[in-house]
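In: Let me see the structure of the following:
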Amino acid sequence: MAISDSGKHFSYKILFERVFDPIAIHKIIDGNITFVDVNPAYERVMKLSRDNVIGRKFHDVWPNAESKWSDIIRDCLAQNRTVHCVGESLDTGSYLEAIAFPIPTDMAAVIFLDRTKLKRSEDDRRKYQAQLRELAARLTISEEDTRRGIAEELHDRIGYDLICQLRMLRELEARNDTEILRPQIQSLIANTERIIAGNRSLIFELSPPALKEAGLNPALEELAQNILEPHGISWHVITKGSEDEYKADDSVCVLLYRMARELLINTVKHSGASAVSIIINRNHDNITVAVEDNGKGIQDSNKGFGLFSIKERLLALGGSLKIISEPGEGVMAVMTCPLKMKKGDILHDNKNTSG
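Out: Predicted structure coming up:
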């Protein structure tokens, strides 16, 4: 029976006919979902004539429709409650949101809302987020390349010149018998030694040689020693999986090293911890680096730009960051990345491996 002939059962005839969104009324007849009525908007949007729809089975009208559109009608009538779904509709070429709700008597009204623009906007937002993550990852790798270049220049040019100067001063000290000059030469030697030590420290800060030459595991050990020991924080490294057997791309190692450095600095600044464990776990697919401390813990792991930045850079690699913490129970930050960048990945061009 058409809605126009059963106004006593449906008191919203004007709304039904004038609303801009498509609405269809269905009923189960002999086990089949059957069209009872459609509004003018349904005719316009779905490009169907009302006279050719009423009384016909749903699957006769839409033989290729996705099952979700008929499922919500059955669920609505079977459970006598509002049912909702969203998804692509190949028949209409749109991304639709459908809301089915029961109406008297034993019928279901389904209103369709076109969410294509909203979906496109959401897709654009996600694409933009992915581009930002890609940019963050690229910047980190580019920064590391720059750091390595500067470190090599410091080592090869300034470092070499300083070593030569120190050697000449020591030779001069050995040959000189003048007591007046000896203290000055010794002072120059001491200053040169301090400059060499500072130069080496700067090289380590810029780009640790161990990361490129020995691999991630020794580099993290050296990092913990340099960051934690001056503050009286004990540390140890636990490893599982061989570096030789499970080699990681250089890009992955660089990012994990830099992010582990951020976590260790945060531990020194904020945790009040006395001990830190660094766990490195490798398997055929992934590498995991976890930094665990026995400090005061954190209230909300979602706060803080540092953790957000780490998480975003890991997402760009197809990785993840998980924070496990309770107040007073310390913090465990678990970073997981694929060992290898997939072909076509943003960092796939960097083919070097550093363990």
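In: now the strands: where do they sit in the stretch 201-350 of the chain?
Out: Here the stretch 201-350 of the chain has its strands, by DSSP state E, counting those that start in this stretch, at 234-240, 275-282, 286-293, 320-325, 331-338.
In: got the contact list for the first one?
Out: The one in question is strand 234-240. If you take CB atoms under 8 Å, 6 or more residues apart in numbering as the criterion, strand 234-240 is touched by 217, 220-221, 224-225, 228-229, 274-282. (Each C-beta comes from the backbone N, C-alpha and C, glycine too.)
In: try 7 Å
Out: Under the contact criterion CB atoms under 7 Å, 6 or more residues apart in numbering, strand 234-240 has outside partners 217, 220-221, 224, 228, 274-282.
In: Would you convert those residues into a markdown table that also reports neighbour count, pLDDT and distance to Asp71?
Out: Putting the contacts of strand 234-240 into a markdown table (neighbours: other CB atoms under 10 Å; pLDDT from 0 to 100; distance: CB to CB, whole Å) gives the following:
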| residue | neighbour count | pLDDT | distance to Asp71 |
| --- | --- | --- | --- |
| Asn217 | 20 | 90 | 53 |
| Leu220 | 26 | 92 | 52 |
| Glu221 | 18 | 92 | 57 |
| Ala224 | 23 | 92 | 56 |
| Leu228 | 21 | 93 | 57 |
| Ser274 | 12 | 94 | 58 |
| Ala275 | 14 | 94 | 55 |
| Val276 | 25 | 95 | 53 |
| Ser277 | 17 | 95 | 50 |
| Ile278 | 22 | 95 | 50 |
| Ile279 | 16 | 95 | 46 |
| Ile280 | 21 | 95 | 48 |
| Asn281 | 16 | 94 | 43 |
| Arg282 | 22 | 93 | 45 |
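In: quick check, nearest of the residues you listed to Lys340?
Out: Arg282 (11.8 Å; CB to CB).
In: rewinding a little: right, so of the strands of the stretch 201-350 of the chain, which gets closest to Asp249?
Out: Of the strands of the stretch 201-350 of the chain, the one closest to Asp249 (CB to CB) turns out to be strand 331-338, at 8.6 Å.
In: Does anything pack onto that closest one? Which helices or strands?
Out: Counting contacts by 3 or more CB pairs under 7 Å, 6 or more residues apart in numbering; DSSP states H and E, strand 331-338 is packed against helix 250-266, strand 286-293, strand 320-325.
In: residues near Val334, how many?
Out: Around Val334 there are 16 other residues, counting by other CB atoms under 10 Å.
In: pLDDT weak spots in the stretch 251-355 of the chain?
Out: 300-306, 342-355 (pLDDT under 70).
In: The same query, at a cut-off of 90, please.
Out: Counting by pLDDT under 90, the stretch 251-355 of the chain shows low-confidence ranges at 251-255, 257-259, 261-262, 265-266, 269-271, 285, 297-319, 324-329, 340-355.
In: same check, this time on the stretch 101-250 of the chain
Out: 103-105, 115-216, 219, 222-223, 226-227, 241-250.
In: residue boundaries of the helices in it?
Out: 116-153, 160-175, 181-206, 209-213, 216-228, 250-266 (DSSP state H, counting those that start in this stretch).
In: could you dump the contacts of strand 234-240 to JSON lines with distance to Thr288?
Out: Below are the contacts of strand 234-240 laid out as JSON lines (distance: CB to CB, whole Å):
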{"residue": "Asn217", "distance to Thr288": "13"}
{"residue": "Leu220", "distance to Thr288": "13"}
{"residue": "Glu221", "distance to Thr288": "17"}
{"residue": "Ala224", "distance to Thr288": "17"}
{"residue": "Leu228", "distance to Thr288": "20"}
{"residue": "Ser274", "distance to Thr288": "24"}
{"residue": "Ala275", "distance to Thr288": "20"}
{"residue": "Val276", "distance to Thr288": "16"}
{"residue": "Ser277", "distance to Thr288": "13"}
{"residue": "Ile278", "distance to Thr288": "11"}
{"residue": "Ile279", "distance to Thr288": "7"}
{"residue": "Ile280", "distance to Thr288": "7"}
{"residue": "Asn281", "distance to Thr288": "4"}
{"residue": "Arg282", "distance to Thr288": "8"}
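In: Which one of those is nearest to Asp114?
Out: Asn281 (47.8 Å).
In: The closest one against Thr288, yeah?
Out: Yes. Using CB atoms under 7 Å, Asn281 is in contact with Thr288, at 4.4 Å.
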